[in-house]
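A.B. asks: Sequence and predicted structure below; questions after.
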Amino acid sequence: MTPKVLITSGAELRTTLSLLLAIGCFFPHVPARAEVSVKDDIGNTVKLAQPAKRIVSLAPHMTETLFAAGAGDRIVGTVDYSDYPEAAKQIPRVGGYSRFDMETVAALKPDLIVGWQSGNAAAHLDKFRSLGYTMYISQPNRIEDVASEIERLGTLAGTSATASAEAKRYRDQLAALRTQYTGKATVRTFYQIWKQPLMTVGRNQIISDAIRLCGGDNVFGKLEQMAPTVTVEAVIAANPETIIASGMGDSRPEWLDDWKKWTSIEAVKRDNLFFVPPELIQRHTPRLLEGTEILCRHLETVRGRRGK
């Protein structure tokens, strides 16, 4: 049997090819380069021609938040103390908070560097900019800012679906905490983040926001510095009803023992000396709410001891 031959005019062929191209049947699909753009925490527009594939993180909280946003596999370099989640421990180090190996960073060929305004030296961040790197600067000062940061990092990394889901989970958990602790009696609170020199948190530090959420009043909450240095005499004069100690990087529950000799302080009289793991409350990450919940429970214990 002689096969039939279909003869098509040039115009018909061109029309058919156009249709095939339009529905993606003629050539394999090639993803388009999608530009992404967000504003960082200091108001700068961060723009990439396409989602970042090679990210260097200059702060542990940024490393953790990138993982939460679904971008952990995009991190090619990070800094000391980047230890959560477990996979973060395997990422090559480029230095610490205050020192970076510029050659190591250059060798990693990052298309995005994420830094921390109050944790990294301004001179170092400026140096990275001068070398032409695209920078995103983090500085969440309010608890709700963490959710927005997750979403923005997800946008920059092209992982918005994961980031949006995590941000929603975070906001839901935050709303539940607010509902539970709004209207609670105020507790005068001293929060210690370092021993020598003695350091606390100022008005704009995110831990102060956590204290407010729990119904606490930071006795040094009017200070403008993020981490002001204070004296023992100033703490005695402020007479907090509770003292919370943590640490910076490492846990320091033993710091609470030093306060027991100052028996004139209300917190010492009532044994209202408590500890919150620093990795849960001093990092601007989704786990901040875990630390905040512990802090809230401590303040509730203080309220329960009144009048006894």
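C.D. replies: Received it, and whenever you're ready, just let me know what you need.

A.B. asks: can you map out the strands along the stretch 1-150 of the chain?
C.D. replies: With DSSP state E, counting those that start in this stretch as the criterion, the stretch 1-150 of the chain has strands at 36-39, 45-48, 55-57, 75-77, 112-116, 135-138.

A.B. asks: most neighbours per residue, which of those?
C.D. replies: Each of those was scored by mean neighbour count; the highest is strand 55-57, a mean of 29, by mean count of other Cβ atoms under 10 Å. For the C-beta atoms, the positions are set from N, CA and C on the backbone; glycine is no exception.

A.B. asks: Return the list of helices and strands in contact with it.
C.D. replies: helix 60-68, strand 75-77, strand 112-116 (3 or more Cβ pairs under 8 Å, 6 or more residues apart in numbering; DSSP states H and E).

A.B. asks: Can you check which of the strands of the stretch 1-150 of the chain gets nearest to residue 164?
C.D. replies: Taking Cβ to Cβ, strand 36-39 is the member of the strands of the stretch 1-150 of the chain nearest to residue 164, at 13.5 Å.

A.B. asks: Give me the average confidence score over that closest one.
C.D. replies: In this model, strand 36-39 has a mean pLDDT of 98.

A.B. asks: still on that earlier bit, can you add mean pLDDT and distance to residue 224 and give the helices and strands packed on strand 55-57 back as a markdown table?
C.D. replies: What follows is the helices and strands packed on strand 55-57, written out as a markdown table (pLDDT from 0 to 100; distance: least, Cβ to Cβ, whole Å):
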| stretch | mean pLDDT | distance to residue 224 |
| --- | --- | --- |
| helix 60-68 | 97 | 22 |
| strand 75-77 | 98 | 33 |
| strand 112-116 | 97 | 19 |
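
A.B. asks: Can you give the contact residues for the host helix or strand of residue 294?
C.D. replies: Residue 294 belongs to helix 288-305 when assigned by DSSP states H and E. Helix 288-305 is contacted by residues 143, 146, 170, 173-174, 177, 180-181, 184-185, 187, 189, 206, 210-211, 213-216, 241-242, 244, 270-272, 274, 276-277, 280-282 when judged by Cβ atoms under 8 Å, 6 or more residues apart in numbering.

A.B. asks: coming back round to it: just send the helices and strands packed on strand 55-57 back as TSV, with distance to residue 290 too.
C.D. replies: Formatted as TSV, the helices and strands packed on strand 55-57 follow (distance: least, Cβ to Cβ, whole Å):
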stretch	distance to residue 290
helix 60-68	12
strand 75-77	22
strand 112-116	21
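
A.B. asks: how about residue 116, what does it touch?
C.D. replies: Neighbour list for residue 116: 58, 59, 61, 62, 137, 138, 139 [criterion: Cβ under 8 Å, 6+ apart].

A.B. asks: Give the bridge partners for it, please.
C.D. replies: Counting by DSSP bridges, residue 116 is bridged to residue 138.

A.B. asks: Of the contacts of helix 288-305, keep whichever come out buried.
C.D. replies: The neighbour-count test (16 or more other Cβ atoms under 10 Å) marks 143, 146, 170, 173-174, 177, 181, 187, 189, 206, 210-211, 213-216, 241-242, 244, 272, 274, 276, 280-282 as buried among these.

A.B. asks: Just the ones in strands from those, please.
C.D. replies: Cross-referencing the buried ones among the contacts of helix 288-305 against strands under DSSP state E gives 187, 189, 216, 242, 244, 274.

A.B. asks: So which of those is the closest to residue 71?
C.D. replies: For these, the nearest to residue 71 is residue 244 (32.3 Å; Cβ to Cβ).

A.B. asks: contacting residues for that closest one?
C.D. replies: For residue 244, the contact set (Cβ under 8 Å, 6+ apart) comprises 189, 190, 191, 192, 274, 275, 276, 295, 298.

A.B. asks: same check, this time on residue 47
C.D. replies: By Cβ under 8 Å, 6+ apart, the residues touching residue 47 are 35, 36, 37, 134.
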